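sharing a model prediction with you, sequence too.
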Amino acid sequence: MMIIDSIEGMQELARQARQDGKTIALVPTMGYLHEGHASLLREGRNRADVLVTSIFVNPTQFGPNEDYQSYPRSLERDCAVADASGVDVVFAPGPSAMYPAGYQTYVDVEQLTLPLCGAARPGHFRGVTTVVAKLFNIVKPHVALFGKKDFQQLTVIRRMVADLNMDIAIVGMPIVREADGLALSSRNAYLSPEERSRALCLSRALAAVGALFTEGERSVAVLRTKALDVINEAAGIIDYVDFRHRESLEAVAAADENTLVALAVRIGSTRLIDNRILGEEN
Ligand SMILES: Nc1ncnc2c1ncn2[C@@H]1O[C@H](COP(=O)(O)OP(=O)(O)OP(=O)(O)O)[C@@H](O)[C@H]1O
Ligand SMILES: CC(C)(CO)[C@@H](O)C(=O)[O-]
Ligand code: BAL
């Protein structure tokens with residue numbers, strides 16, 4: 001496995017691979033890799049000749065009062081996970097290589113970034129789409145894989161790829177959870193043992209909503225109240241609990257199989273997200 005930190009080095013490797021007729025898969029990450037990332041890497045391994053993962057904590061997607069500085073980082077550990085998952089190249093550029101002095105170009109997807117995490121984190125998706133577009137230009141993948149845990153991010157990236165005619169297949173991967181239901185997240189590392197157990201309210205709220213839906217309940221007001229009850233009981237601070245169409249992300253008043261239930265909750269100072277589609281298992 002190679003570790004590349006220079007943009008030119010990565011571009012040259014990608015250019016050569018394409019010239020040799022090889023396909024490239026990219027799994028973009030912010031590092032501190034866990035089993036959720038590993039599931040994306042294993043699928044990427046199946047889908048292309050050359051598997052690249054990027055590790056870059058992207059400053060432009062963090063707000064001024066967010067956790068850019070404290071975000072967990074461990075390149076050595078990440079390289080071990082990447083290697084064990086069949087990665088050929090870890091691309092780990094520094095912030096000044098990605099955003100040199102004078103940098104002033106951004107990619108903005110409009111309506112899809114207005115609700116949910118876009119409303120809660122102004123400017124977040126502008127940073128995400130910008131860095132993902134840059135990574136696509138540097139790594140030149142044929143296919144890129146993203147987790148459904150960040151469901152809105154996946155939707156926004158699909159829109160960007162379609163709107164800007166990027167010739168890249170986007171693959172959405174299922175949410176990987178701990179045995180008790182907690183969605184794996186690098187930010188879980190911030191949780192104390194007591195917070196870790198309260199953090200189960202996210203997946204439990206989604207399960208409770210799913211169970212009511214299966215029993216026939218379709219009123220978003222009723223389903224939402226159920227989720228709020230579960231989260232409030234665990235003293236979670238609600239950022240949003242929202243019911244939206246899975247593709248348009250428009251708000252719905254009555255739930256159906258295509259309804260996305262998305263939530264963001266703070267447990268102590270840690271902000272966690274989770275979601276489910278009502279017609280699906282996960
Ligand atoms: N539990 C998970 N299951 C499936 N995919 C995941 C999971 N967690 C993260 N991913 C995916 O891995 C990719 C990189 O995500 P990222 O590095 O931000 O990890 P993260 O654990 O989501 O971190 P954070 O704590 O910042 O939310 C994204 O496409 C994300 O959706
Ligand atoms: C896609 C991404 C790597 C862009 O920085 C990030 O938002 C993430 O890890 O989900
Ligand atoms: N997984 C999305 C990255 C972020 O929260 O900034």
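Cool, got the structure. Numbers count the residues shown, from 1 in each chain. Ligands and ions are numbered 1, 2, ... in the order given.

tell me the strands in the chain, going along the chain?
2-4, 24-29, 50-55, 89-91, 143-147, 169-173, 237-245, 259-267, 270-277 (DSSP state E).

report pLDDT for E281.
On the pLDDT scale, E281 is placed at 80.

ok, now which ones touch it?
Taking Cβ atoms under 8 Å, 6 or more residues apart in numbering, we find E281 in contact with no residue. Yep, even glycine has a C-beta here, placed from its N, CA and C like the rest.

beta partners for the closest residue to L202 other than its chain neighbours?
Distance criterion Cβ to Cβ, 6 or more residues apart in numbering; nearest residue to L202, sequence neighbours excluded, is D274 at 4.2 Å. Beta-bridge pairing for D274 (DSSP bridges): L263.

and D274, how far from ligand 1?
Separation of D274 from ligand 1 (Cβ to the nearest ligand atom, to the nearest Å) stands at 9 Å.

what of D150?
4 Å.

please apply the same query to P122.
Noted for P122: a distance of 17 Å to ligand 1, by Cβ to the nearest ligand atom.

so who does the residue in the stretch 151-282 of the chain that ligand 3 sits nearest to touch?
Using Cβ to the nearest ligand atom, the closest approach of the stretch 151-282 of the chain to ligand 3 is made by Q153 at 6.1 Å. By Cβ under 8 Å, 6+ apart, the residues touching Q153 are 117, 125, 128, 146.

which residue is the nearest non-sequential neighbour of the last one?
Read it as F146. In space, F146 comes closest to L154 once its chain neighbours are excluded; the distance is 4.7 Å by Cβ to Cβ, 6+ apart.

can you give me the pLDDT of that neighbour?
With respect to pLDDT, L154 scores 99.

do L278 as well
Here, the pLDDT recorded for L278 equals 98.

wait, it sits on E257?
Yes. The pair L278 / E257 is scored as a contact, 6.0 Å apart, by Cβ atoms under 8 Å.

out of the two, which sits in the busier spot?
More crowded of L278 and E257, by other Cβ atoms under 10 Å: L278, with 21 against 10.

and stretch 157-171, what's buried?
For stretch 157-171, a neighbour-count test (16 or more other Cβ atoms under 10 Å) marks 157-161, 166, 168, 170 as buried.

max pairwise distance over the residues you listed: which two?
R159 and I168 (13.1 Å; Cβ to Cβ).
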